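Novice: here are the coordinates; sequence isn't available:
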């Protein structure tokens, strides 16, 4: 079992939580008192992290929000903060990278060496050799897009493939099951499609599933947990970003975030 | 016609070239005298750019090589240099991003506002709404992965889809043809599969195609041009990176790069 997978299993147990908090720092939604701070993104995310670290199984910073604002240094500092203050909580860098081998090696350096992420999200469209440079970091998690939570996800992922018309996302699940020789892979499967989540769970056994789409995107918690949990009642990283990050708009935003995170964790646990 | 598309058409004509030089700055391959410079990546890439700008239809910096080395500032400076010194040559940011709408908006800010790229490569796996935030920049180019040049590209892209078993990459070409209402889209189709390049050309008419895979990856120039050119003998951005960037290992590396770029441009032109 990879270090990522075992760390995730320990966090599920220790915090009794399948909740992953997504760190998508949109400065236009920040509380007014933070907006003009020079390191507002770092300060905001650290406050959220410190207020929720005992309620989550993982944190998932979304690199696009940092890159759009020249805040790569704040992303590095944020991940270092999580590792230092909350050891044992895995950090998933949500980057959805995907490129040929020599370039994928550079992206892997970016994610695992520069940012020190414990896992990264990867796009499978370019196939196995584009994923191998990630898999070469055997202690790290590689979380491949399978069935995404957005409406357009169906444009490709739901296309019927082969003689039996299996949807493409099921083929991806089968491929990743093969690639997972070091027990380090996971899949992204949106909460907006519980029946498809159930089908992926059947295909991949106990492989962890990262599930976006509850909260702001409308996915149902009961249906998600019922469809996606393993026989031991784990196996899921159920992500919530905006509903937690922007629960409060004042100086008490971190407390408001903690309240929603606690409610969400407990709502998830009711169906495990 | 989008600004990107018209700029590309003008560069094809002005420089009599379908060659795109890919800027994949691998510092371990730099000439010895540059390796210890503080801005070695910027210096190296600018030397290549200045030596080849009259021979190309586009430059394509690969962001992974910059991000792996904390060199985002050098990427910004490089693109600003190209715009200032070689106006009219479009800059394609090779980033292969792809995410849900709200995140794609952030990536579009990164590519088009922060880096001032004229076009960007995008992964289609998440479907139309993941591409729309890019398309909203109507003057910019959006270059979607279709049939990539790596061996693993077949894992998904060659899967037979639907009742007639059309390969997935052809479905992507059909989808992008629909998305291209502002005449701003292009497709990535590898030179390693000339027959598939021909098929994509049939599907998308005069849409520009970005073709990696000649040179180090083994694609054949004659077969590529014959399969991919439009009736007017253009329509292609044929990319070469390593074979040009690392043609020389000494202080004359830029001259060596120019020599290979000139040979490559002329080799392409023999078959137009």
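Specialist: All right, it came through fine. These numbers were taken from a predicted model, which means no experiment stands behind them. Numbering: from 1, shown residues only, chains lettered A, B, ... in the order given.

Novice: And the closest residue to residue A:141 other than its chain neighbours, how close does it get to residue A:140?
Specialist: Among residues not flanking residue A:141 along the chain, residue A:119 sits closest, at 2.8 Å (C-beta to C-beta, 6 or more residues apart in numbering or on different chains). Backbone N, C-alpha and C define where each C-beta goes, glycine included. Distance from residue A:119 to residue A:140, counting by C-beta to C-beta, to the nearest Å: 6 Å.

Novice: which neighbours do these two share?
Specialist: Common neighbours of residue A:119 and residue A:140 (criterion: C-beta atoms under 8 Å, 6 or more residues apart in numbering or on different chains): residue A:4.

Novice: OK, contacts around residue A:12?
Specialist: Residues near residue A:12 by C-beta under 8 Å, 6+ apart: A:18, A:57, A:234.

Novice: Which of those sits closest to residue B:270?
Specialist: residue A:57 (59.3 Å; C-beta to C-beta).

Novice: So what's the residue count around the closest one?
Specialist: Per other C-beta atoms under 10 Å in any protein chain shown, the neighbour tally for residue A:57 reads 27.

Novice: Let me know whether it touches residue A:7 as I believe.
Specialist: No: under the criterion of C-beta atoms under 8 Å, residue A:57 makes no contact with residue A:7, lying 9.4 Å away.

Novice: what's the overlap in contacts for these two?
Specialist: Counting by C-beta under 8 Å, 6+ apart, the residues touching both residue A:57 and residue A:7 are A:89, A:90.

Novice: Between residue A:119 and residue A:140, point out the one with more neighbours.
Specialist: Higher neighbour count among residue A:119 and residue A:140: residue A:119, with 32 against 23, using other C-beta under 10 Å.

Novice: residues in contact with the more buried one?
Specialist: Neighbouring residues of residue A:119 by C-beta under 8 Å, 6+ apart: A:4, A:58, A:90, A:91, A:92, A:93, A:140, A:141, A:142, A:143, A:186.

Novice: which residues of chain A score low on pLDDT?
Specialist: Within chain A, the stretches with pLDDT under 70 are A:216-218.

Novice: that older thread, how about the contacts of residue A:12 in a markdown table, adding distance to chain B and secondary structure?
Specialist: As requested, these are exported to a markdown table (distance: C-beta to the nearest C-beta, whole Å; DSSP: H, G, I helix; E, B strand; the rest coil):
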| residue | distance to chain B | secondary structure |
| --- | --- | --- |
| A:18 | 21 | coil |
| A:57 | 21 | coil |
| A:234 | 26 | coil |
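
Novice: and which of those residues is nearest to residue B:29?
Specialist: Nearest member of the contacts of residue A:12 to residue B:29, counting by C-beta to C-beta, is residue A:57, at 41.2 Å.

Novice: what does the longest helix seen in chain A contact?
Specialist: Criterion DSSP state H: the longest helix present in chain A is helix A:253-269. Outside helix A:253-269, the residues within contact range by C-beta under 8 Å, 6+ apart are A:15-19, A:21, A:31, A:44, A:47-48, A:50-52, A:55-56, A:214-215, A:221, A:225, A:236, A:238, A:240, A:243-248, A:250.

Novice: any idea how far whichever residue of the stretch 151-272 of chain A sits closest to chain B is from residue B:175?
Specialist: Closest approach between the stretch 151-272 of chain A and chain B, counting by C-beta to the nearest C-beta: residue A:152, at 2.8 Å. Using C-beta to C-beta, residue A:152 is found at 10 Å from residue B:175.

Novice: shared neighbours, these two?
Specialist: What both residue A:152 and residue B:175 touch, as defined by C-beta under 8 Å, 6+ apart, is the set residue B:128.

Novice: Give me the contact list for stretch A:220-232.
Specialist: Stretch A:220-232 has contacts (C-beta under 8 Å, 6+ apart) with A:18, A:189, A:191, A:194-195, A:197-198, A:200-201, A:206, A:209, A:211, A:214, A:235-236, A:238, A:264, A:267-268, A:270-272.

Novice: List buried residues within those residues.
Specialist: Using 16 or more other C-beta atoms under 10 Å in any protein chain shown as the burial test, the contacts of stretch A:220-232 include A:18, A:189, A:191, A:194, A:197, A:200-201, A:209, A:211, A:214, A:235-236, A:238, A:264, A:268, A:272 as buried.

Novice: which of those residues lies closest to residue B:97?
Specialist: Nearest member of those to residue B:97, counting by C-beta to C-beta, is residue A:189, at 20.6 Å.

Novice: Tell me the bridge partners for the closest one.
Specialist: Beta-bridge partners for residue A:189, by DSSP bridges, are residue A:147.

Novice: pretty sure residue A:121 contacts residue A:107?
Specialist: No: using C-beta under 8 Å as the test, residue A:121 is too far from residue A:107 to be in contact (11.3 Å).
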